[in-house]
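[1] Whatever this is, show me its structure:
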Amino acid sequence: MPGQSDSVGLVAGTSDSTPLKFSVAVGPEAYLQLDDVVTTERDVPGVGQVRTSGVVTQVVARHEGASYGSDAFLIADGVLPANTQEIAEITTTRVDPEIYVPPMPGIAARRATGALRDRALYFDSMDKKVVVGLGRDGAPVYINLDFLDGTRGAHVSISGISGVATKTSFALFLLHSIFSSRVLGDRSLSAKALIFAVKGEDLMFLDQTNAKLDHTMRAQYARLGLPAVPFDSVRFFAPPTPGDTTGRPHISGRTSGVDAFWWTLAEFCQQELLPYVFADAEDDRNQYTLVIHQVAAKLRRDANAAGTDGAVTIGGATIRTYADLVEFIAERLQDDTTKADWAGSATTAGSVNAFLRRLRSSLKPLGPIIRGDLTAGTDRRRISTANSRVTVVDLHNLPDRAQRFVVGVVLRAETEAKERAGAGGLLFTMLDELNKHAPREGNSPIKEVLLDIAERGRSLGIILIGAQQTASEVERRIVSNSSIRIVGRLDPAEAGRPEYGFLPASQRQRATLAKPGAMFVSQPELPVPLAVEFPFPAWATRQSEVAAQPVTGATNIMARLARDADPAPF
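    Below you'll find the model as predicted:
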């Protein structure tokens, strides 16, 4: 029955029992496994009953009375008397009322279920809770929306080995849970998601049902109170095909519903996007960074739009490609009569050469997405979250340098848009390989944008959902500002890093063995991360998983006519 609990043993007296950690001797007809929720009660003079609840963080079994390893054989043969005993270590999660006294040895310990479990894990006090999966006991596990939407905290950090930890899958399930439930209330209409896809075309089918979804998987969604449906209101963007002047998106799997994105040369100059070309601009200790800002300001002042295709005119010259713009800048910086005007009078030749060397290296990665020779409607080529709930930006066909440029420029634009709009809707920004965009060492314009979101985004309604293989390589301030921390399968060396200090020792070890779909979720209200498993995606994660659309109505009639007109050969 809801709220009842099952007796599993007695509080052990062989080790110290404290208000924060105690042990339970498991009864002969019972068992405790890792992640079970246990509760005990004791009478305190002048207070009454105090309930101490916690989560099993370790379980050991031993022969009491054995001295040597070989005694196991004697005990099994009945020659040596001994008792087999299991002891479970319980880490306290809640004391109610908050009278911190230790559970007394010998008092009953029970497995908490129903309302007692919810109370032990603070689920009962979460006014707005988001389901993130099923616990080891098969019951739903929640996180407090207040620590996700900026009310009391924000941002999510997800860590784990690539291809095994299912970081992207969990992040998508989290978004599905937020959007599909009623937890956002009135804000659900203005809540949006911006997803940067960096690994293949796996995220280009989020609006399609997964053909592998069966009745068992649907039942898991039902237990979580969620519909087993794909995302709705999704818009897809991809870079233009290299060498194609029609603006056709560079994508192979999805043949419709994808818009190409690029920036015109006019936008590049007028919006001073040049600094985002230099992802590692401030890593080197020289003066070429000054040249970047000097040239960017010069382009903003002198460049004028030429026509409707995004070309610019500078000093009487019409420029239509990024390569032509780079060479135009190089000529001005290498000409003694114009060098001071473009780079500043105090700039040395070494700084100019360092700037040009790095600028020319950007020709191949950035040429396809900075254009002045393509014509299309502004709303079709400009990445925007305005007209859809979910926006997917496919980056996997772009080199790393171009990916960082796109991420930095798009996030800057969204941040500025949120500042103009003021408080209101939420924008969940999902970014994989966060260590590549905001590494621990060095500085760059892209990293500064992400830091700004991490430290100020909650007040703007921008929530960062960052995923990375190694949290130890991500800027500390971004990780420390993440209220929700999630860990999947970890490399053993990475698991020992201080960034995972929130995991108990047993969970650090388990994280090196975790199977796909198993995650450890940490949130501020609970001192112990909770192990969860989330269901199989209801949306297609690749083209081969797209479910066939049912043939009905006029489509069915046309299919029958085509079959009758062209019968299959014998």
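
[2] May I see the buried residues of stretch 15-24?
    Neighbour-count burial for stretch 15-24 flags 17, 22-24 (criterion: 16 or more other C-beta atoms under 10 Å). Glycine gets a C-beta too; all of them are placed from N, C-alpha and C.

[3] I'd like to know which of those are part of strands.
    With strands identified by DSSP state E, the entries of those that belong to them are 22-24.

[4] and the next element down the chain from the longest helix along the chain?
    Taking residue count as the measure and DSSP state H as the definition, the longest helix of the chain comes out as helix 400-421. Counting by DSSP states H and E, the next helix or strand C-terminal to helix 400-421 is strand 427-431.

[5] Starting from that following strand, tell me which strands it pairs with and how they run.
    Strand 427-431 has its sheet partners listed here by DSSP bridges as strand 192-197 (parallel), strand 462-468 (parallel).

[6] by how many degrees do the shortest one and helix 400-421 diverge?
    If you take axes from the mean of the first three to the mean of the last three C-alpha atoms, to 10 degrees, strand 192-197 sits at 170 degrees to helix 400-421.

[7] what about strand 192-197, distance to the chain center?
    10 Å (C-alpha atoms, centre = their mean, to the nearest Å).

[8] Residues contacting stretch 200-215, please?
    Around stretch 200-215, the neighbours that count as contacts under C-beta atoms under 8 Å, 6 or more residues apart in numbering are 168, 172, 195, 197, 228-232, 234, 236, 238, 251-254, 257-258, 390, 392, 394, 396, 536-543, 545-548.

[9] Rounded mean pLDDT for that stretch, please.
    Summarised as a single mean, pLDDT over stretch 200-215 is 92.

[10] now swap in stretch 12-28 and tell me
    95.

[11] Would you mind measuring from Ile463 to Ala154?
    When distance is defined by C-beta to C-beta, to the nearest Å, Ile463 is 5 Å away from Ala154.

[12] so what sits against both of these two?
    The contact sets of Ile463 and Ala154 overlap at 148, 457 (C-beta under 8 Å, 6+ apart).

[13] pretty sure Gln507 is in a helix, no?
    Yes - under the criterion used here (DSSP: H, G, I helix; E, B strand; the rest coil), Gln507 sits inside a helix.

[14] Tell me how many other residues surround it.
    Burial of Gln507, expressed as a neighbour count using other C-beta atoms under 10 Å, amounts to 23.

[15] got a list of what the nearest residue to it once chain neighbours are set aside touches?
    The spatial neighbour of Gln507 that comes closest, neighbours along the chain excluded (C-beta to C-beta, 6 or more residues apart in numbering), is Phe520 at 5.6 Å. The neighbourhood of Phe520, defined by C-beta under 8 Å, 6+ apart, consists of 486-488, 503, 507, 510-511, 514, 529-532.

[16] pretty sure Phe520 belongs to a strand, no?
    Yes - membership of Phe520 in a strand is supported by three-state DSSP.

[17] From Gly54, how far off is it?
    For Phe520, the distance to Gly54 equals 16 Å [C-beta to C-beta].

[18] now swap in Val295 and tell me
    60 Å.

[19] For the two, indicate the residue with more neighbours.
    Here Val295 and Gly54 are compared on neighbour count by other C-beta under 10 Å; more neighbours surround Gly54, at 29 against 22.

[20] Distance-wise, check Ala454 relative to Ile463.
    Spatial separation of Ala454 from Ile463 under the definition C-beta to C-beta is 10 Å.

[21] got any residues that touch both of those two?
    Applying C-beta under 8 Å, 6+ apart, one finds that Ala454 and Ile463 are jointly contacted by His155.
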